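J.: okay, predicted coordinates and the sequence, questions at the end:
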Amino acid sequence: MNTLKKVDPEIYAAIRDEVKRQQTHIELIASENYCSTAVMQAQGSIMTNKYAEGYPDKRWYAGCGTIDIAEKLAVQRAKDIFGAEHVNVQPHSGSSANMAVLFSSLTPGNKILSMDLSHGGHLTHGFKKNFSGQLYEKITYGVSKKTGFIDYDELRKIAKESNPHMIIAGASAYPRELDFAEFKKIADEVGALLLADVAHIAGLIVAGLHQDPVPLADFVTTSTHKTLRGPRGGIILCKSKYASKIDQHIFPGIQGGPLMHVIAAKAVAFKEANTQEFKDAQAQTLKNTNKLCSELQNKDYTIVSGGTDNHLFLIDLSNKNITGTEAQVALEKAGIILNRNMIPFDKRSANDPSGIRMGTPSVTTRGMKEPEMPKIANWIDLALKASNDDNKLKEIKSEVVAFCATYPLYKDITDFED
Ligand code: DSN
């Protein structure tokens, strides 16, 4: 990055320091991952220079020949890994993908039945300050207070009482498998459209390790950078009958020129996802999450729903004399990165909730396996117990940094000079 260093030393330094941060911390944010160098090379390419409004072979500007090759590859590869009838790879994010689906099928005032935010739902599923909550009426379902699992009987009851136009199956902080077949049954019973937002679990679905909504749902959306391990972005999968409506609602509906460098990077990620190596990594993610979760359970931490079926879990800290925010801050001082999170039926606010969320996609990509999970659990436990002791947190951090050095990350792109 010598050119960048000369042109903009401040941004150069920020990137250099971020590389160091990623290399020296244990990353447990469930929605993050480390994409490959090949993905970043495509994303950092000259495709950023090209305007390509429209779709392959139907562009508004000249000079889109090579751009079309990239977008066609991205679309075909996404179809291959998900088995989808139609794919739009242009959404700039998972939020844009959801916006286009909602705009394509609902009119303002229509009802959306989606998961309560504090039970694990997402902002774009009808949160009052998000476009989705401003334009549509949100009705919520949630998890059972007793089990922490989605209560499908209650969901059916709410659906029958409220007659929603659309049901959204999907979550940002739900540690259990989503029963898409049951969602589909309920949607059909009340004549609602079904949107499956699989942002968190897309990689697991591609690997055949989670129930697949693609044959069932009218629309499936996902961001591309979580378990899927691509560049930051989104895609929409749908049945052929919705193809032109979806395409029009992305462009010209809510977006202009597609981010062609990102679409090229998505194509690379989808190629990588179509390998045994990717499937093995997804299986290892499940093993690692399960192991980390049970280690913390053995250390007397309360796990929401009693465990996990996927890449993440939530700890309820309400019996631990520490809030989610305090835990997040203490853990960062110890070199462990995760996020505070509301837990179902939380008595505290979103700003300082009772829980923390963690997941293992990043540490798995880094090469860590089950034997490493007790070490991480131990550091988490020590840091939470010493949350007010900066010296102890510093001591833990030095162990974490030494540990991380044994799992090299982005060695091929770290020719930074100080
Ligand atoms: N912000 C993401 C997450 O952390 O789950 C969801 O989009």
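T.: Perfect, I can see it now.
J.: contact partners for residue 341?
T.: Contact analysis of residue 341 by C-beta atoms under 8 Å, 6 or more residues apart in numbering lists 173, 314, 324, 353, 355-357. C-beta: built from backbone N, CA, C; applies to glycine.
J.: ok, now residue 50?
T.: Counted by C-beta under 8 Å, 6+ apart, residue 50 has contacts 63-64, 67, 260.
J.: check residue 236 too.
T.: Residues counted as contacts of residue 236 (C-beta under 8 Å, 6+ apart) are 87-88, 91, 97, 100-101, 219-221, 246, 250.
J.: is it fair to say it lies in a helix?
T.: No - going by DSSP: H, G, I helix; E, B strand; the rest coil, the assignment for residue 236 is strand, not a helix.
J.: checking residue 112 next. Helix, strand or coil?
T.: strand.
J.: separation between it and residue 219?
T.: Using C-beta to C-beta, to the nearest Å, we find residue 112 at a distance of 13 Å from residue 219.
J.: now swap in residue 125 and tell me
T.: Noted for residue 125: a distance of 13 Å to residue 219, by C-beta to C-beta.
J.: try residue 154
T.: Using C-beta to C-beta, residue 154 is found at 24 Å from residue 219.
J.: tell me which of the contacts of residue 341 is nearest to the ligand?
T.: residue 173 (6.7 Å; C-beta to the nearest ligand atom).
J.: quick one: secondary structure of the closest residue to the ligand within the stretch 51-200 of the chain?
T.: The stretch 51-200 of the chain approaches the ligand most closely through residue 172 (3.6 Å), counting by C-beta to the nearest ligand atom. The three-state label given to residue 172 by three-state DSSP is coil.
J.: show me what contacts the residue in the stretch 251-400 of the chain that the ligand sits nearest to?
T.: Closest to the ligand within the stretch 251-400 of the chain is residue 339: 6.7 Å, counting by C-beta to the nearest ligand atom. Applying C-beta under 8 Å, 6+ apart, we find residue 339 in contact with 29, 328, 356-357.
J.: please repeat the previous calculation with a cut-off of 10 Å.
T.: 28-32, 173, 324-325, 327-328, 331, 353, 355-359 (C-beta atoms under 10 Å, 6 or more residues apart in numbering).
J.: out of these, which sit inside helices?
T.: When DSSP state H defines the helices, the subset of the contacts of residue 339 inside them is 324-325, 327-328, 331.
J.: JSON lines for those, including neighbour count and distance to residue 21?
T.: Listed next are these as JSON lines, based on neighbours: other C-beta atoms under 10 Å; distance: C-beta to C-beta, whole Å:
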{"residue": "324", "neighbour count": "28", "distance to residue 21": "22"}
{"residue": "325", "neighbour count": "16", "distance to residue 21": "20"}
{"residue": "327", "neighbour count": "24", "distance to residue 21": "19"}
{"residue": "328", "neighbour count": "19", "distance to residue 21": "15"}
{"residue": "331", "neighbour count": "28", "distance to residue 21": "14"}
